[in-house]
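> coordinates only, sequence not included:
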């Protein structure tokens, strides 16, 4: 019986060998290329040479794109992990392997897929990415899987879901500070037998938030709620970069808090226990922000301080009018019937005060107060004073103006900040709206000159 088993194995081997010999000239089996990172955590595989897209002049000349190959990808992955580890203070005792698979890119905008796989020893991760993609998309994908591995180190039946603002905020930080050092792309051309790549690096001194500052001059920073639920257009950067700039600044300011890195680590580690990243955030940062409103107030102050350092040039009167109209409106979705599709419309600040509960209206008006303060720095002269008056009206309603009074409890003197009533505030806003309409009637549209 043993001899027969061996014979059968031998026969199979011969037949397979003959098949290979007869078809070698006609069938070219794909060659699998494998590379490993120095830590042993990253394993990169590719079954094809670089895609034809990677060799086009457009891709080779554009430094915004990364042309990936296994050996360079393994090095980049290690560098990105090490940079994130230092930023957050993460220990280097990784537990999950990360398998990076390269596929030929058909277009420069293909998605990256990350799959978490549960095993007896914990979690492993499979990342399938095209061999051509933008630097932003590449670093975001690598940051996401590195953070995911850290969050899932304590074995759990529920895999963590990394909030987009953390991955995007940290990846924007990495691109601004170490982008040219951590990203290795295939050489764009060969000169005198030596492969060479063109690298464009902008030196802005120590201000690695310069791009975020430029964006947030013209676009309102997103609230924490908006950062937690970004749209597809925001993730793709089709919002003028406001989401990415907001995420970068938000993460940067959190890291600057006392014990900020420790709290971010605690949040990441608690993600498997929560189905909502906002709950994990509130749990980890409860000492800094006991209430959601405390977070919004802090965030509004950070944005104003940040942009006020370099507010940029003044807007024209026509642009100032558009910006003020945008700030004073509140977009909402409304249905004309229960079975009708929602339509997007705008309501006034007066409608917010009349119809929203106290907590909701306070969070909305806090954001509007921040936007008015920022806009005031760039408004055309005829609208700058009006913008300040709107800001003072909202600050008075929220009890945040700088005028104080005193009252006495027994023999104790207590400072108080007077808070305007809703009725008085509504009258002020109505009067300011009338004044605004009169000013806007005198503003002519901008004329583009050839």
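Cool, the structure landed. Since we're looking at a predicted model, the values are computed, not measured. Numbers count the residues shown, from 1 in each chain.

> Tell me the first helix or strand C-terminal of the longest strand that the chain contains.
Identified as the longest strand of the chain according to DSSP state E is strand 122-130. As assigned by DSSP states H and E, the chain's next helix or strand after strand 122-130 is strand 132-134.

> So which elements touch that next one?
Where contact means 3 or more CB pairs under 8 Å, 6 or more residues apart in numbering; DSSP states H and E, strand 132-134 is packed against strand 65-67. The way it works is simple: take the backbone N, C-alpha and C, and place the C-beta from them, glycine included.

> Beyond the strand it packs on, next helix or strand please.
According to DSSP H and E, the helix or strand after strand 65-67 is helix 70-88.

> Tell me which strands the helix or strand just after that following helix pairs with, and in which orientation.
For helix 70-88, the succeeding helix or strand toward the C-terminus, using DSSP H and E, is strand 98-103. Applying DSSP bridges, strand 98-103 is found paired with strand 42-46 (parallel), strand 122-130 (parallel).

> Going by neighbour count, which residues in strand 98-103 are buried?
For strand 98-103, the neighbour count (16 or more other CB atoms under 10 Å) marks 98-100, 102 as buried.

> now stretch 257-270
The neighbour-count check on stretch 257-270 (16+ other CB under 10 Å) flags 257, 260-261, 263-265, 267-270 as buried.

> now stretch 243-251
Neighbour-count burial for stretch 243-251, counted by 16+ other CB under 10 Å, picks out 243-251.

> out of these, which one sits closest to residue 56?
Distance to residue 56 across the buried residues of stretch 243-251 (CB to CB) is lowest for residue 244, with 26.6 Å.

> Please identify which helix or strand holds residue 144.
Counting by DSSP H and E, the element that carries residue 144 is helix 135-151.

> Does residue 141 touch residue 130 like I think?
No: with contact defined as CB atoms under 8 Å, residue 141 does not count as touching residue 130 (10.5 Å).

> helix or strand right after the helix or strand bottoming out on mean pLDDT in the chain?
The helix or strand of the chain with the poorest confidence is helix 2-23; it has a mean of 33 (mean pLDDT, DSSP states H and E). Of the helices and strands lying after helix 2-23 in sequence (DSSP H and E), the nearest is strand 33-36.

> Tell me which of the buried residues of stretch 243-251 fall in helices.
Per DSSP state H, helices hold the following members of these: 243-251.

> just these now: which is nearest residue 429?
Nearest to residue 429 among those is residue 246, at 27.1 Å by CB to CB.

> ok, now which ones touch that closest one?
165, 212, 216, 221-222, 226-227 (CB atoms under 8 Å, 6 or more residues apart in numbering).

> Report the two members of these separated by the largest distance.
Top of the distance list for these (CB to CB): 212 and 226, 15.8 Å.

> Compare these two (neighbour count), which wins?
residue 212 (27 against 17; other CB atoms under 10 Å).

> Which secondary structure state does the more buried one sit in?
Look at residue 212: counting by DSSP: H, G, I helix; E, B strand; the rest coil, its state is helix.

> Contact partners for it?
172, 244-246, 248-249.

> Could you verify my assumption that residue 176 touches residue 211?
Yes: taking contacts as CB under 8 Å, residue 176 lies within contact range of residue 211: 6.6 Å.

> So which residues of the stretch 151-300 of the chain form helices?
164-182, 210-218, 224-228, 232-235, 242-255, 260-270, 277-284, 292-308 (DSSP state H, counting those that start in this stretch).

> Make sure residue 218 is actually in contact with residue 239.
No: taking CB under 8 Å as the definition, residue 218 is not a contact partner of residue 239, at 11.4 Å.

> More neighbours: these two, which one.
residue 239 (18 against 14).

> what's the distance between the closest residue in space to the more buried one that isn't next to it in sequence and residue 243?
Closest residue to residue 239 apart from its sequence neighbours, by CB to CB, 6 or more residues apart in numbering: residue 233 at 5.7 Å. Distance from residue 233 to residue 243, counting by CB to CB, to the nearest Å: 9 Å.

> Repeat that for residue 357.
The value you get for residue 357 to residue 243, if CB to CB is used, is 27 Å.

> thinking again about what came up before, would you tell me which one of the helices of the stretch 151-300 of the chain is buried the most?
Mean neighbour count (mean count of other CB atoms under 10 Å) peaks for helix 242-255 among the helices of the stretch 151-300 of the chain, with a mean of 24.

> Okay, angle between it and helix 164-182 too, please.
Angle of helix 242-255 versus helix 164-182, following axes from the mean of the first three to the mean of the last three CA atoms, to 10 degrees, is 90 degrees.

> what residue ranges in the chain are flagged as low confidence?
Across the chain, the ranges flagged by pLDDT under 70 are 1-31, 156, 186-206, 333-344, 401-418, 447-450.

> Next, the contact list for residue 155, please.
122-123.

> could we number from 72 for the rest of this?
From this message on, residue numbering opens at 72, which makes the last subject residue 226.

> Quick check: residue 355 touching residue 341?
Yes: assessed by CB under 8 Å, residue 355 is found in contact with residue 341 at 6.3 Å.

> shouldn't residue 256 be in contact with residue 135?
No: contact criterion CB under 8 Å: residue 256 and residue 135 do not qualify, at 10.5 Å.

> who's more crowded, these two?
Each of residue 256 and residue 135 has its neighbours counted (other CB under 10 Å); residue 256 has more, 23 against 11.

> State the distance from that one to residue 120.
Relative to residue 120, residue 256 is positioned 16 Å away (CB to CB).

> for residue 447, same thing?
57 Å.
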